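1. Give me a 3D structure for the following:
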Amino acid sequence: MTAFNKYIIKSDGTMKLSTEGSRITRTELLPGDIIVRPGIDSHVMMFLEWAKDGKVKVIHENGAVNNVSIATFDGYYPYYRRIINS
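-> So this is what the prediction gives:
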């Protein structure tokens with residue numbers, strides 16, 4: 001690890017996002033809000049829109065380096081946050 005990485009770059013991790021911005025409910029999701037899945041396989045998704053079947057359409061990094069995709073999920077996770085207020 002370089003000194004730059006160790007002392008300059010500070011990452012609080014995925015779960016830090018579960019406390020940022022304003023808490024909202026799943027039904028209050030608007031484009032740009034985030035959904036945080038906690039746990040060993042924690043993940044952050046940005047809400048785009050509601051799918052016709054009531055699922056959430058999101059944009060997220062899917063595990064491959066620099067690979068972002070749009071997907072549809074049930075999206076029933078404990079943390080929904082509004083980071084940017086309009």
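
2. Tell me where this protein is predicted with low confidence.
-> For the chain, applying pLDDT under 70 flags the ranges 1-12, 64-65, 86.

3. Would you state the helices of it in chain order?
-> Using DSSP state H, the helices assigned to the chain run over residues 3.

4. Quick one: the strands in it, in order.
-> With strands called from DSSP state E, the chain shows them at 22-23, 34-37, 43-50, 56-61, 68-73, 79-82.

5. From the contact counts, what lies against the longest one?
-> Packed against strand 43-50 by the contact rule (3 or more Cβ pairs under 8 Å, 6 or more residues apart in numbering; DSSP states H and E) you find strand 34-37, strand 56-61. For every residue, glycine as well, the C-beta is placed using N, CA and C.

6. List the buried residues for that strand?
-> Buried residues in strand 43-50, counted by 16 or more other Cβ atoms under 10 Å: 43-45, 47-48.

7. Any idea which of the helices and strands packed on strand 43-50 gets closest to Arg81?
-> Nearest to Arg81 among these is strand 34-37; the distance by Cβ to Cβ comes to 5.1 Å.

8. what residues are up against the spatially most central residue of the chain?
-> Among the residues of the chain, the one closest to the centroid is Val44, at 2.5 Å (Cα atoms, centre = their mean). Applying Cβ atoms under 8 Å, 6 or more residues apart in numbering, we find Val44 in contact with 14, 17, 34-37, 60.

9. Show me what it bridges to in the sheet.
-> Val36 (DSSP bridges).

10. For Asp53, see how far away it is.
-> Noted for Val44: a distance of 23 Å to Asp53, by Cβ to Cβ, to the nearest Å.

11. Check Ile40 too.
-> 28 Å.

12. okay, these two: which has more neighbours?
-> Under the criterion of other Cβ atoms under 10 Å, the comparison of Ile40 against Asp53 puts Asp53 first, with 7 against 4.

13. Surely Cys45 and Val58 touch.
-> Not Cys; residue 45 is Met. Yes - using Cβ atoms under 8 Å, Met45 is in contact with Val58, at 3.8 Å.
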